[in-house]
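> dropping a prediction and its sequence here:
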Amino acid sequence: MAAQGGGIDALSQFKLEPALGSYGASVDFTNANLMMVLAGLLTLALLWLGMRPRAMVPGRLQSAAEMAYNTVMGMCVETIGPEGRGFFPFIFTLFFFILFGNLIGVWPYFFTFTSHIAITLALAAFVMLLTTAVALRLHGLKFFSYFVPEGVPKLLLPLLVPIEVLSYVSRLISLSVRLFANMMAGHVMLEVFGAFIVMLGGAGLIFWAPAAFSLAVNVALIGFEFLVAVLQAYVFAILTCIYLHDAVHLH
Amino acid sequence: MDLASAKNLGAGLAVIALAGVGVGIGNIFAALVSSVARNPAARDRVFGLAILGFALTEAVALYALVIAFIILFV
């Protein structure tokens, strides 16, 4: 699949295919949907299996579950403020859905659903609708003063208000494209270097040294992908927290 | 100039944005090093902010990369 017909086919790994045989095909259940279900189940399994012993001195899985809870709770309360406790379930779900989606994708033969703009855009759209709804509910029409910066001359307002509105709306693009681009670029890079290994390894004995170098690069890239997977889930969650902070406190 | 070579040139031009990203990431970590050197106790707090800034800056590089990929593959 990597090096067919001389070119590098880097994007076929993101192709959606029906999962679970003909039954899945009849309801358009794709491999992306399957991985989403898997990510949700893994999150539930971490919490359920981790917290089942309820030990005073936690074991490995229980401390992982407790650390996950504490980290996300700290992130909510530090960024949003005391009101952040109410948003904790949402942020926790979002963070772990994206985290497990990214981590499943690094596994060979598994599909990365976060590398599809449709899915990240849906997540980002949900975040934007939620923040706007929270702001409208808490502040009513005063929410629109968010777009009017304080302490600027009145003359500049016709210029600044459209910029503020634009920056508010473009959060949708930046939030979704950041996650999608990170995951897609990482996987394309893995694919390209994997194709180099196959092409150079098949080209003759002289090319085995560069093929080995490509293999080393790919090993390093896998480690980097793990970093990116955790980092992007963290960034998505913390940016959601920052947007919710703006919605709760306006300015 | 035929379409294929124009596409390749365009993809090359699109990733010129990486120069700015390189400067940006260098700035972020230079600021991280100097702030940790001045106040080592603040390391944990500042490190999180630096990683956030790094991710935001890196995203710009990836926008450029996506445009290059779109030109090349789509």
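Looks like it came in fine. Residues are numbered from 1 along each chain as shown, chains lettered A, B, ... in the order given.

> what stretches of the chain score poorly on pLDDT?
Defaulting to chain A. A:1-7 (pLDDT under 70).

> and it, which residues reach chain B?
Neighbours of chain B within chain A, by C-beta under 8 Å from any C-beta of the partner chain: A:10-11, A:174, A:177-178, A:181-182, A:184-185, A:188, A:231-232, A:234-235, A:238. C-beta here means a position set from N, CA and C on the backbone, and glycine is covered the same way.

> contacting residues for the residue of chain B found nearest chain A?
Relative to chain A, the nearest point of chain B is B:Leu62 (3.7 Å; C-beta to the nearest C-beta). Applying C-beta atoms under 8 Å, 6 or more residues apart in numbering or on different chains to B:Leu62 gives the contacts A:177-178, A:181-182, A:185.

> can you put those residues in JSON lines and add neighbour count and secondary structure?
Output for these, formatted as JSON lines (neighbours: other C-beta atoms under 10 Å in any protein chain shown; DSSP: H, G, I helix; E, B strand; the rest coil):
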{"residue": "A:Val177", "neighbour count": "20", "secondary structure": "helix"}
{"residue": "A:Arg178", "neighbour count": "23", "secondary structure": "helix"}
{"residue": "A:Ala181", "neighbour count": "25", "secondary structure": "helix"}
{"residue": "A:Asn182", "neighbour count": "28", "secondary structure": "helix"}
{"residue": "A:Ala185", "neighbour count": "21", "secondary structure": "helix"}
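
> helices and strands around the helix or strand B:Ser5 falls within, which ones?
Assigned by DSSP states H and E, B:Ser5 belongs to helix B:3-14. For helix B:3-14, the elements it packs on are helix B:43-73, judged by 3 or more C-beta pairs under 8 Å, 6 or more residues apart in numbering or on different chains; DSSP states H and E.

> and the helix it packs on, average pLDDT?
Helix B:43-73 shows a mean pLDDT of 84.

> same check on stretch B:29-40?
Averaged over stretch B:29-40, pLDDT sits at 94.

> what's that stretch in contact with?
B:42-43, B:46-47, B:50, B:54.

> of these, buried ones?
B:46, B:50, B:54 (16 or more other C-beta atoms under 10 Å in any protein chain shown).

> distance to A:Leu46 for these - can I get that in JSON lines?
As requested, these are exported to JSON lines (distance: C-beta to C-beta, whole Å):
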{"residue": "B:Val46", "distance to A:Leu46": "30"}
{"residue": "B:Ala50", "distance to A:Leu46": "28"}
{"residue": "B:Phe54", "distance to A:Leu46": "27"}
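
> just these now: which is nearest A:Thr120?
B:Phe54 (19.6 Å; C-beta to C-beta).

> tell me which residues touch the closest residue to that closest one other than its chain neighbours, please.
Computed as C-beta to C-beta, 6 or more residues apart in numbering or on different chains, the closest residue to B:Phe54 that is not its neighbour in sequence is B:Ile28, at 5.6 Å. Shown in contact with B:Ile28 (C-beta under 8 Å, 6+ apart): B:50, B:53-54, B:57.

> how much space between the residue of the stretch 1-150 of chain A found nearest chain B and B:Val60?
Nearest residue of the stretch 1-150 of chain A to chain B: A:Leu11, at 5.3 Å (C-beta to the nearest C-beta). According to C-beta to C-beta, to the nearest Å, A:Leu11 stands 22 Å off from B:Val60.

> equivalent analysis for A:Ala55, please.
Taken as C-beta to C-beta, the span from A:Ala55 to B:Val60 is 46 Å.

> of those two, which one has the most company?
B:Val60 (18 against 10; other C-beta atoms under 10 Å in any protein chain shown).

> burial of the nearest residue to the more buried one once chain neighbours are set aside, as a residue count?
Nearest-residue entry for B:Val60: B:Val21, 5.3 Å, with adjacent residues in sequence omitted and distances by C-beta to C-beta, 6+ apart. A count of nearby residues for B:Val21, using other C-beta under 10 Å, gives 19.

> now do the SS call for A:Ala203.
Look at A:Ala203: counting by DSSP: H, G, I helix; E, B strand; the rest coil, its state is coil.

> phi, psi of it?
phi -90, psi -10 (degrees, to the nearest 10).

> ok, now how distant is it from A:Leu221?
22 Å.

> which of the two has more residues huddled nearby?
Shown here are A:Ala203 and A:Leu221; by other C-beta under 10 Å, A:Leu221 has more neighbours (19 against 12).

> and after the host helix or strand of A:Phe90, which helix or strand comes next?
Element membership for A:Phe90 (DSSP H and E) is helix A:84-106. Later in the chain than helix A:84-106, the nearest helix or strand by DSSP H and E is helix A:117-139.

> number of residues surrounding the nearest residue to the residue of the stretch 1-150 of chain A closest to chain B once chain neighbours are set aside?
Closest residue to A:Leu11 apart from its sequence neighbours, by C-beta to C-beta, 6+ apart: B:Phe73 at 5.3 Å. As a burial measure, B:Phe73 scores 14 neighbours (other C-beta under 10 Å).

> for A:Phe207, state which of the buried ones among the contacts of stretch B:29-40 is nearest.
B:Phe54 (35.6 Å).
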